[in-house]
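[1] predicted model follows, preceded by the sequence.
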Amino acid sequence: MTAVHAAPVTLSSLTDDERNHRFDRLQSRLPAIWASMQHDLEGESVVVVPSLAVGSTAASAAMVQAYEERFLFLLLLLRQPMLRMTYVTSQPIDPRIIEYYLALLPGVIPSHAHARLTLISVGDGTLRTLSEKLLERPRALARIADSIPDRERCHLIPYSTTDRERDLALALGIPMYGTDPRLAPLGTKSGCRRLFRDVGVQHPLGVEDLRTREDVVRAIEAILDEHPRAQQLILKLDEGVSGSGNALVDLAGVHGLEGATRSRVIVDCLDRMQPELETLTSGALLDALITRGGIIEERIVGREILSPSVQLRVLPDRTIELLSTHDQLLGGPSGQSYLGCVFPADPAYSRLISAPALAIAHRLADEGVVGRFALDFVVVRDDAGVWEPWAIELNLRKGGTTHPFLTLQFLTGGRYDDAEGAFLTPEGARKHLVATDHLEGEALRALSVGDLFDAVARHNLHFDRSHQEGIVFHMISSITEHGRIGMTAVGDTAERAADLYERAGRVLLAEAVSARAERALPE
């Protein structure tokens, strides 16, 4: 089939309003393209650009590449025999990693899938977003355009959706499956607090739209006026990721004080606060409020407290789907950094967070949101054993729970049943997973990609398609430079998934120690 392309767009000559107008016209095609893809017709394709914000999440070129490769689970979409995919990265992907994913495809010959896959790398390892790198390279954009068999049956799948991804869609002449960047304020920490309040969803006491140290001091005083016994607060930058823009503020010494004395002690508390990102100082965090904005809110505490999340999506026809509930695995200095997840969340409270999540999703659909997003909650159990949910964040993008869940869904063809609080395969079998992006240790740097796959083969750490159990690894390329890798462990029970997860970690660490000993220089 002859490729169909849009006339070249010179974005630099367009105002922002003109770009948005053209983007609206492009997006109007998305519902028809989405409906067509359900029938696996000739000429259908997707362009995957896993561009994410560079900063605390990916602080080196190797980690930027690893996070871009984290999206490789989308290669499992090639189980649709007519679909073509163009996957774009900053640097070339090791062919063995591609082979690993294609070997997971159920019911598809890997070579047939490989023939329908186009890999394009920019050859730029600098610490900038992938979309930025593409937009400054017209020839790279032309290569992507040449890989699209029919522009009327193609859409862009980004990781995040900023003005850069909008411009990328315009340059390629294809709509984007993701939220219009003009709606991004809904997903900031300030924006989601306003959203929770408007929808009537319970959320912590706090103040949004903070820009200065003085704003924060006044906000803390307002919180104490309403809740004099508040012990700990959390300061959050509006666009922090995975807890990296958060800091714990301990109010010890403030209670019982008034006036200027209370204000001075609050300032001291801010100077002593503990940013979740260890390389960030309290002063730098407060300075960042000037340009990035933020909130401060009470830290929810209780006898037993957990942090589940709900993943949803709004389809192009505005259908709302509740996709999953997860229990988040958190770490870091004050337990606010996302490390991984367990799926599904405990049924004891999964439905308690599903109801408010759906209410928020309906509001987001009314605002025009399209694509996947996740809502983070805190649930607290009282002395009587009753759980109470509090909404704390809206991630208006794909996130850390997206790739484990979709990996499971693509491999098994199953779905999450909210009424059951369970993931069920078409045959009715239940499945569970434990996933992390942070299996890490200095010893793991002794392993190469080849060593990893050798260990997978020798220790049976692969995903067994006949039993639909096992391990799927991701972020593979970061193992040698950073001693870090991600994985998703799938089992028939929660205990089985946890056992597979723990065993894989033990085996890899043992293999790494052995490899390091073998490579040690003789004395």
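    Thanks, I have the structure now.
[2] going by C-alpha atoms from here, please, whenever you check contacts or count neighbours.
    Noted.
[3] just want the most central residue of this structure.
    Using C-alpha atoms, centre = their mean, the residue of the chain that lies closest to the mean C-alpha position is residue 399, 1.2 Å off.
[4] for it, give me its contacts.
    The neighbours of residue 399, taking C-alpha atoms under 8 Å, 6 or more residues apart in numbering as the test, are 373-374.
[5] how would you label it: helix, strand or coil?
    On the three-state scheme (DSSP: H, G, I helix; E, B strand; the rest coil), residue 399 is labelled coil.
[6] tell me the pLDDT of it.
    What the model reports for residue 399 is a pLDDT of 80.
[7] how close does it get to residue 437?
    For residue 399, the distance to residue 437 equals 11 Å [C-alpha to C-alpha, to the nearest Å].
[8] got it, and residue 196?
    29 Å.
[9] same check on residue 260?
    Residue 260 is 46 Å from residue 437, by C-alpha to C-alpha.
[10] ok, the two, which is more surrounded?
    A side-by-side neighbour count of residue 260 and residue 437, using other C-alpha atoms under 10 Å, places residue 437 first with 21 against 9.
[11] how about residue 22, phi and psi?
    phi -70, psi -40 (degrees, to the nearest 10).
[12] need phi/psi at the spatially closest residue to it that is not a sequence neighbour.
    Computed as C-alpha to C-alpha, 6 or more residues apart in numbering, the closest residue to residue 22 that is not its neighbour in sequence is residue 170, at 7.3 Å. Residue 170 has phi and psi values of phi -60, psi -40 when expressed as degrees, to the nearest 10.
[13] shouldn't residue 170 be in contact with residue 24?
    No: if you go by C-alpha atoms under 8 Å, residue 170 and residue 24 don't touch, sitting 10.1 Å apart.
[14] three-state assignment of residue 101?
    With three-state DSSP as the basis, residue 101 sits in helix.
[15] state the number of residues packed around it.
    Neighbours around residue 101, by other C-alpha under 10 Å: 18.
[16] pretty sure it sits against residue 73.
    Yes: the pair residue 101 / residue 73 is scored as a contact, 7.1 Å apart, by C-alpha under 8 Å.
[17] mind listing what the closest residue to residue 153 other than its chain neighbours touches?
    Spatial nearest neighbour of residue 153, chain neighbours left out: residue 44 (5.0 Å); criterion: C-alpha to C-alpha, 6+ apart. Residue 44 makes contacts with 37, 82-84, 149-150, 153-154, as judged by C-alpha under 8 Å, 6+ apart.
[18] could you redo the last one with a cut-off of 6 Å?
    83, 153-154 (C-alpha atoms under 6 Å, 6 or more residues apart in numbering).
[19] which of these are buried?
    Listed as buried from the contacts of residue 44 are 83, 153-154; burial here means 16 or more other C-alpha atoms under 10 Å.
[20] coming back round to it: between residue 170 and residue 24, who's got more neighbours?
    Neighbours per residue (other C-alpha under 10 Å) separate residue 170 from residue 24, with residue 170 holding more: 22 against 13.
[21] measure the more buried one to residue 211 for me?
    34 Å.
[22] got it, and residue 222?
    Between residue 222 and residue 211 the distance is 16 Å, computed by C-alpha to C-alpha.
[23] between these two, who's got more neighbours?
    Remark: of residue 222 and residue 211, residue 211 carries more neighbours, 19 against 15, as counted by other C-alpha under 10 Å.
[24] show me what contacts the more buried one?
    With C-alpha under 6 Å, 6+ apart, residue 211 has these contacts: 289-290, 293.
[25] which residues of the stretch 251-400 of the chain fall in helices?
    With DSSP state H, counting those that start in this stretch as the criterion, the stretch 251-400 of the chain has helices at 259-272, 282-292, 347-367.
[26] could I get the ones you listed as TSV with mean pLDDT and distance to residue 338?
    What follows is these, written out as TSV (pLDDT from 0 to 100; distance: least, C-alpha to C-alpha, whole Å):
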stretch	mean pLDDT	distance to residue 338
helix 259-272	96	23
helix 282-292	93	19
helix 347-367	96	19
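[27] just so I know, which of the ones you listed lies nearest residue 204?
    When these are compared by C-alpha to C-alpha, helix 347-367 sits nearest residue 204, at 14.5 Å.
[28] got the contact list for that closest one?
    Outside helix 347-367, the residues that touch it by C-alpha under 6 Å, 6+ apart are residue 421.
[29] kindly recompute the last result at 7 Å.
    Contact with helix 347-367 is made by 199, 201, 310, 314, 318, 325, 375, 387, 389, 418, 421, as judged by C-alpha atoms under 7 Å, 6 or more residues apart in numbering.
[30] may I see the ChimeraX selection of the buried members of those residues?
    Paste this into ChimeraX to select the buried members of the contacts of helix 347-367, with burial taken from 16+ other C-alpha under 10 Å:
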select :201,310,314,318,325,375,387,389,418,421
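[31] what about the contacts of helix 347-367, which are in strands?
    Judged by DSSP state E, the subset of the contacts of helix 347-367 located in strands is 310, 314, 325, 375, 387, 389.
[32] could I get the residues you listed as a markdown table with distance to residue 20 and pLDDT?
    Converted to a markdown table, the ones in strands among the contacts of helix 347-367 look like this (distance: C-alpha to C-alpha, whole Å; pLDDT from 0 to 100):
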| residue | distance to residue 20 | pLDDT |
| --- | --- | --- |
| 310 | 30 | 97 |
| 314 | 21 | 97 |
| 325 | 34 | 96 |
| 375 | 27 | 96 |
| 387 | 44 | 96 |
| 389 | 38 | 97 |
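[33] save these as JSON lines, and put in distance to residue 14 too.
    Formatted as JSON lines, the ones in strands among the contacts of helix 347-367 follow (distance: C-alpha to C-alpha, whole Å):
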{"residue": "310", "distance to residue 14": "38"}
{"residue": "314", "distance to residue 14": "30"}
{"residue": "325", "distance to residue 14": "42"}
{"residue": "375", "distance to residue 14": "35"}
{"residue": "387", "distance to residue 14": "52"}
{"residue": "389", "distance to residue 14": "46"}
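[34] what sits closest to residue 210 if chain neighbours are left out?
    Leaving aside its chain neighbours, residue 210 sits nearest to residue 294 (5.1 Å; criterion: C-alpha to C-alpha, 6+ apart).
[35] what of residue 442?
    Here the residue nearest residue 442, using C-alpha to C-alpha, 6+ apart, is residue 483, at 5.4 Å.
[36] next, the contact list for that neighbour, please.
    Residue 483 touches 440-445, counting by C-alpha under 7 Å, 6+ apart.
[37] what's the pLDDT at it?
    Per-residue pLDDT puts residue 483 at 94.
[38] I'd like the distance between it and residue 452.
    Applying C-alpha to C-alpha, the value for residue 483 to residue 452 is 12 Å.
[39] again, but for residue 273
    Counting by C-alpha to C-alpha, the separation of residue 273 from residue 452 is 40 Å.
[40] check residue 83 too.
    Plainly put, residue 83 is 30 Å away from residue 452 if you go by C-alpha to C-alpha.
[41] one more: residue 501?
    To residue 452, residue 501 is 15 Å away according to C-alpha to C-alpha.
[42] strands of the stretch 201-350 of the chain, start to end?
    206-210, 232-237, 246-250, 274-275, 294-298, 304-306, 308-314, 320-331, 337-343 (DSSP state E, counting those that start in this stretch).
[43] quick check: chain neighbours aside, which residue is closest to residue 343?
    Here the residue nearest residue 343, using C-alpha to C-alpha, 6+ apart, is residue 326, at 4.8 Å.
[44] in the protein, where is pLDDT below threshold?
    Applying pLDDT under 70 to the chain flags residues 1-9, 54-59, 241-243, 334-336, 519-523.
[45] any idea what the residue nearest to residue 210 is bridged to?
    Counting by DSSP bridges, residue 294 is bridged to residue 210, residue 237.
[46] give the contact list for it.
    Contacts for residue 294 (C-alpha under 7 Å, 6+ apart) come out as 189-190, 208-211, 236-238.
[47] ok, now with 6 Å
    So residue 294 contacts 209-210, 236-238 (C-alpha under 6 Å, 6+ apart).
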